[in-house]
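> can you look at this prediction? I've put the sequence above it.
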Amino acid sequence: MKKAELKEFLDEKVILYNNPKFIDSDPIQIPHLFSKKEDIEIAGFLTAIISWGNRTMIIRNAHKMMELLDSSPHDFILNHQEKDLKSLEGFVHRTFNYIDFQQFIKALKHIYLQHGGLETVLSIQDQTKTYQTAINNFKSVFFEIDHQQRTQKHISDPLKNSAAKRINMFLRWMVRNDKAGVDFGVWKTHNPSYLSCPLDVHSGNVARKLKLLLRKQNDWKAVAELDQNLRSLDPSDPVKYDFALFGLGVFEKF
């Protein structure tokens, strides 16, 4: 497929999948329960962090997370006492258990009180045009308070060549304003042209079939290669093609 044909094909798939009907079957429905910016970003972050495995189970457990935070995540995080964290005991999503959940609540409180919130901590501080170092810096801040070693595995580090799929997905939700009511676009200080595609088995396989990706592993080097090719199709909004790649893989078994 020539580049112009590929762009036309993918643009059609973006229109097909980047619309409100997509929300009903996707974990992005969880932050859509909220209207306050901080609630949206915290709900989005916690949902993204547990977004691996069966999608029905992800959505069910993310709903449970919000219930445990009294359906007011920002207020819970800012004002919780140690005794309030007892209510989280028993929560588990695959390898993410209540110990991790409690640690995440403490770390988020630290980030909102000491570092200006998630939007600030995940911003790109150097001259690069990707979130590679920003995510690494975010992980450092997240774990600068006392924590159990086990919880560190739940935040990926692109400087260690992780594809950081879940954080890239969360960044897409927060930064990209798609005018279609799916992605939120609430982080006005961030630039959507710097976003990376959340690379997983489905999007990776489709990207390889379309010759957008040659690298075999789904790691940060593959993310960078895919970035380059998607940015050549649309420099200002490259991750809109996540909808096309995901839709082709999951819904069309491309």
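Received, thanks.
> only C-alpha atoms from now on, for both contacts and neighbour counts.
Will do.
> which helix of this structure spans the most residues?
The residue-count maximum for a helix in the chain (DSSP state H) belongs to helix 98-114.
> can you give me the buried ones in that one?
98-112 (16 or more other C-alpha atoms under 10 Å).
> for Ile155, the count of nearby residues, please.
Burial measure for Ile155: 18 neighbouring residues, criterion other C-alpha atoms under 10 Å.
> and it, what does it touch?
Going by C-alpha atoms under 8 Å, 6 or more residues apart in numbering, Ile155 touches 49, 139, 164, 167.
> JSON lines for the residues you listed, including pLDDT?
What follows is the contacts of Ile155, written out as JSON lines (pLDDT from 0 to 100):
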{"residue": "Ile49", "pLDDT": "98"}
{"residue": "Lys139", "pLDDT": "98"}
{"residue": "Ala164", "pLDDT": "97"}
{"residue": "Ile167", "pLDDT": "98"}
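> from those, which ones fall inside helices?
49, 139, 167.
> roughly how far does the second one sit from Ser51?
This means Lys139. Separation of Lys139 from Ser51 (C-alpha to C-alpha, to the nearest Å): 18 Å.
> I'd say Phe246 and Asn205 touch.
No - between Phe246 and Asn205 there is no contact under C-alpha atoms under 8 Å: 9.7 Å.
> and these two? Which one has more around it.
Ranked by neighbour count (other C-alpha under 10 Å), Phe246 and Asn205 place Phe246 first, with 26 against 21.
> check contacts around the closest residue to that one other than its chain neighbours.
Sequence neighbours aside, Ser203 is the residue nearest to Phe246 in space, at 5.2 Å (criterion: C-alpha to C-alpha, 6 or more residues apart in numbering). Applying C-alpha under 8 Å, 6+ apart to Ser203 gives the contacts 242, 245-246, 249.
> show me those residues that map onto strands.
Judged by DSSP state E, strands contain none of the contacts of Ser203.
> make a markdown table from those and add distance to Lys37 and pLDDT to it.
Output for these, formatted as a markdown table (distance: C-alpha to C-alpha, whole Å; pLDDT from 0 to 100):
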| residue | distance to Lys37 | pLDDT |
| --- | --- | --- |
| Asp242 | 23 | 97 |
| Leu245 | 28 | 97 |
| Phe246 | 26 | 94 |
| Gly249 | 31 | 94 |
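> no more questions from me, cheers.
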